[in-house]
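Colleague: model this:
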Amino acid sequence: MKTGKTYQVPVTEPLKDVLNRLYELNGVNDHVFFSPRGSEYEHVHKDSLSAHIKKMGYGGLTTAHGFRHLSLTSG
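Modeller: As a prediction, the model looks like this:
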């Protein structure tokens with residue numbers, strides 16, 4: 001992280017289930033959301049979620065950061 005300090009994030013049982021399912025699908029990867037295209041980035045590009053939000057018709061209604069905030073506050 002930016003501070004260089006290690007910290008722990010509590011993980012709920014439902015999130016553990018999701019991560020385990022991703023592991024079953026993806027196998028061993030350095031990134032949870034790796035890029036299946038294997039192009040310039042090994043992981044999904046930082047703007048991918050925002051682009052998908054716009055394609056689904058939610059552009060201007062929510063943001064990728066909004067989803068991140070929701071996941072951090074709903075546990």
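Colleague: ok now do the residue nearest the centre of the chain, which residues does it touch?
Modeller: When Cα atoms, centre = their mean is applied to the chain, the residue found nearest the centroid is residue 33 (6.2 Å). Contact partners of residue 33, counting by Cβ atoms under 8 Å, 6 or more residues apart in numbering, are 43, 44. C-beta coordinates here come from the backbone N, C-alpha and C atoms, glycine included.
Colleague: any idea how far it is from residue 61?
Modeller: 23 Å (Cβ to Cβ, to the nearest Å).
Colleague: Same check on residue 49?
Modeller: Taking Cβ to Cβ, one finds residue 49 at 14 Å from residue 61.
Colleague: ok, residue 35 touching residue 29?
Modeller: No. In this structure, residue 35 is not within contact of residue 29 by Cβ atoms under 8 Å, at 9.8 Å.
Colleague: Okay, domains of this protein per the record?
Modeller: What automatic domain parsing lists as the domains of the chain is 1-44, 45-75.
Colleague: now those in JSON lines, with mean pLDDT?
Modeller: What follows is the domains of the chain, written out as JSON lines (pLDDT from 0 to 100):
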{"stretch": "domain 1-44", "mean pLDDT": "78"}
{"stretch": "domain 45-75", "mean pLDDT": "77"}
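Colleague: Look at residue 49 and residue 61 and report which has more neighbours.
Modeller: Between residue 49 and residue 61, counting by other Cβ atoms under 10 Å, residue 49 is the more crowded of the two (16 against 10).
Colleague: That one looks like it's in a strand, true?
Modeller: No. Judged by DSSP: H, G, I helix; E, B strand; the rest coil, residue 49 forms no part of a strand; its state is helix.
Colleague: so how far is residue 15 from it?
Modeller: When residue 49 is compared with residue 15 (using Cβ to Cβ), they lie 17 Å apart.
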